[in-house]
Every structure is written in C-alpha cells, then in structure tokens.
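S.K.: fold the following for me, if possible:
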Amino acid sequence: VQLQASGGGLVQPGGSLRLSCAASGFMISVVAMGWFRQAPEKQRDLVASISTTGITYYGESEKGRFTITRDNAKNMVYLEMNSLKPEDTAVYYCNAVSASGRPAYTSWGQGTQVTVSS
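M.R.: Numbering: from 1, shown residues only. The predicted structure is shown next:
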C-alpha cells in the first residue's frame with residue numbers, strides 16, 4: 001500500500017488549496033477514504049472522509065470550507081480547501097478509513113505540508 005499526498009504549500013489566510021492523494025496497492029473504490037492532518041505536537045486527526053457511496057463527513061471546523069471528492073477510475077482522492085485559517089496549518093495525509101473513523105493502513109506516506117500564514 002502506498003499513499004502519496006501532494007498539493008500543499010504556503011497560502012495566506014482566506015486562500016485556497018487543492019490536495020491530491022494517489023493510492024496504489026489497493027482499489028479505493030471498495031473502501032472509505034479520508035484526509036487526516038497533524039499539527040506540531042498534536043495528534044493526527046481525521047478532517048474529512050468519503051464513503052464508497054459518496055457520503056461525506058467533515059470535522060466541525062472544516063464544514064463549509066473543505067470538500068472531499070474521489071475519482072475511483074484514477075484511484076485518487078482530493079481535498080479542496082477554501083477560506084483557509086492559520087489553524088489549518090499542518091501536515092495532511094490521506095488513508096483509507098475504517099467504520100470507526102480510524103485509519104485503515106499503517107502506511108501513511110510523507111504527507112503534504114500546508115502552511116497558512118500572512
């Protein structure tokens with residue numbers, strides 16, 4: 001299993017970014033997928049997920065600002081992030097998601113750094 005997140009960068013508050021996740025070694029079409037983030041000295045938390053049928057979940061602070069989508073044909077997952085805030089600064093990772101909302105695989109990949117700062 002490999003999960004390669006990309007698309008991060010430095011953006012000003014209020015800006016937007018689109019993250020991409022390329023999965024290999026398994027078919028995302030049969031699993032729920034999610035985006036997690038980890039800020040310095042904090043635990044890694046789920047910020048958004050999408051089920052195999054397209055049902056989405058967002059954390060309270062992400063609702064209305066983030067949009068998760070999936071392209072099963074390309075084995076890719078995306079996270080559109082708008083109205084970014086400094087508190088969104090973190091390393092973002094993608095992973096399959098279990099029914100309990102926990103990451104399904106132990107292999108995380110390197111993640112992609114998102115920094116929101118003026």
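S.K.: which stretch of helix or strand covers the residue nearest the centre of the chain?
M.R.: In the chain, the residue lying closest to the centroid (Cα atoms, centre = their mean) is residue 35, at 2.3 Å. Assigned by DSSP states H and E, residue 35 falls within strand 32-38.
S.K.: that strand: which residues count as buried?
M.R.: 32-37 (16 or more other Cβ atoms under 10 Å). The C-beta positions use only the backbone N, C-alpha and C, and glycine is treated the same way.
S.K.: now, among the residues you listed, which is nearest to residue 71?
M.R.: Set against residue 71, the nearest of these by Cβ to Cβ is residue 33 (10.7 Å).
S.K.: so residue 59 makes contact with residue 48?
M.R.: Yes: using Cβ atoms under 8 Å, residue 59 is in contact with residue 48, at 7.1 Å.
S.K.: look at these two and report which has more neighbours.
M.R.: Between residue 59 and residue 48, counted using other Cβ atoms under 10 Å, residue 48 has the larger neighbour count: 26 against 14.
S.K.: spatially nearest residue to that one (excluding sequence neighbours)?
M.R.: Take residue 48 and drop its neighbours on the chain: the residue closest to it by Cβ to Cβ, 6 or more residues apart in numbering is residue 68, 4.1 Å away.
S.K.: helix or strand next in line after whichever helix or strand that neighbour is part of, which one?
M.R.: Assigned by DSSP H and E, residue 68 falls within strand 66-71. Following strand 66-71 in sequence order, the next helix or strand is strand 76-81 (DSSP H and E).
S.K.: how far is whichever helix or strand comes after that following strand from where the chain is centred?
M.R.: Using DSSP H and E, the helix or strand that follows strand 76-81 in sequence is strand 90-97. Offset of strand 90-97 from its chain centre (Cα atoms, centre = their mean, to the nearest Å): 5 Å.
S.K.: pLDDT of strand 90-97, averaged?
M.R.: Throughout strand 90-97, pLDDT has a mean value of 97.
S.K.: pLDDT weak spots in the protein?
M.R.: Judged by pLDDT under 70, the chain has no weakly predicted residues.
S.K.: sounds good, over and out.
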